[in-house]
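1. From the sequence below, what's the structure:
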Amino acid sequence: MLPNKINSMAYASCLMMLLMSVANAQTLRDPTLPGQGFIAVMAKTDNQSLVLNSIVSGQHSYAVINNIILSVGDTVSGSGLRVSKINKDYVTLSDGRKLQLFQSITER
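-> The predicted structure is shown next:
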């Protein structure tokens, strides 16, 4: 009789531990998702933010600013600024300002 009680108690304990681990697993967050407090560093000009997203260097260089593909001489929409120069890790605007990529993006 005593072994049956021990077995049933062991089964109950295992079941409780299993249920607790399932409850804990539901509260875990996917570590590959971006953080909720992500803040981008941006240059400001007249109430509009300019963000240099990426640069494609080659025979014809292109810069992606505010998710719009631009080349030298193009106007950045809404700001009236023109793209003066596109280098491999920064873009110079007509007012002399430089938009630079994050260092971790340019280093390999």
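2. And the pLDDT for residue 63?
-> On pLDDT, residue 63 comes in at 94.
3. same question but for residue 51, I mixed them up
-> Value for residue 51, per-residue pLDDT: 88.
4. repeat for residue 84
-> 95.
5. so it makes contact with residue 92?
-> Yes. Under the criterion of CB atoms under 8 Å, residue 84 makes contact with residue 92 at 4.5 Å. C-beta coordinates here come from the backbone N, C-alpha and C atoms, glycine included.
6. Can you pull out the low-pLDDT segments for the chain?
-> Along the chain, segments meeting pLDDT under 70 span 1-6, 21-29, 33-48, 103-108.
7. Tell me where it has strands.
-> Assigned by DSSP state E, the chain shows strands spanning 43-45, 48-50, 52-56, 62-65, 68-70, 83-86, 90-93, 98-100.
8. Alpha carbons of the fourth one, as CSV, please.
-> What follows is the C-alpha trace of strand 62-65 in CSV, where atoms were taken according to Å, rounded to 0.1, in the frame of the first residue of the first chain:
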residue,chain,number,x,y,z
TYR,A,62,23.3,55.3,-54.4
ALA,A,63,22.3,56.3,-50.9
VAL,A,64,19.1,55.3,-49.2
ILE,A,65,17.9,58.2,-47.1
